[in-house]
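Asks: Next one to model:
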Amino acid sequence: MERPQVESTDQSLKKLFHEAFDSQIPNYGSYNLVAGSGTSGSAGLKVIGYRREPAELIICPLSPKTLKPTQRGVAVNNTNVSHVALVSDGSYEVGTSTGTVYRFTIPAHPTLDIPTEGTAAAQRGTLRQDQDAEDFADFMNNFMDQLDMALRAAETTE
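Replies: Residues are numbered from 1 along each chain as shown. Below you'll find the model as predicted:
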């Protein structure tokens, strides 16, 4: 007898994050996604899309209960970024020219509730994003380097 294939909690979480992100971003296919947990003034769960060309982040806050967007995603790129930093506690801080600041970590294995239909209790699941977290760290290092080069170039032309 063939056993029915059951989706893993990792796959379920990734599917829900893609649905939340894809519902807001028209060219969602060009972004890699990671789950971030906000700290400081930007507390809460986020799905963060990033791409290398052109270098850009899209930060989408999510409800931890439904894993659905709580507000519109915010794009951060070379047209509106004020600063990007790796903070001493291992989190990242990203600020925009409008004054919005996000501080978040990208855990390798966050444990989250997977919403269920009806009255059933939510299932806990672990998202395995260790390789994605490493790729994101590499992206952020390159993004910070690009900003440093742009600032140095602007200073030499003044």
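Asks: who touches the residue most central in space within the chain in this structure?
Replies: With distances taken as Cα atoms, centre = their mean, residue 48 lies nearest the centre of the chain, 1.7 Å away. Under the criterion of Cβ atoms under 8 Å, 6 or more residues apart in numbering, the neighbours of residue 48 are 33-36, 57-60, 104, 106, 136. From N, CA and C alone the C-beta is placed, and that goes for glycine too.
Asks: Would you map the helices across this protein?
Replies: Taking DSSP state H as the criterion, the chain contains helices spanning 9-22, 130-157.
Asks: With mean pLDDT and mean neighbour count as new columns, can these be given to me in a markdown table?
Replies: Formatted as a markdown table, the helices of the chain follow (pLDDT from 0 to 100; neighbours: other Cβ atoms under 10 Å):
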| stretch | mean pLDDT | mean neighbour count |
| --- | --- | --- |
| helix 9-22 | 91 | 18 |
| helix 130-157 | 87 | 13 |
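Asks: could you dump the ones you listed to a markdown table with distance to residue 113?
Replies: Listed next are the helices of the chain as a markdown table, based on distance: least, Cβ to Cβ, whole Å:
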| stretch | distance to residue 113 |
| --- | --- |
| helix 9-22 | 10 |
| helix 130-157 | 20 |
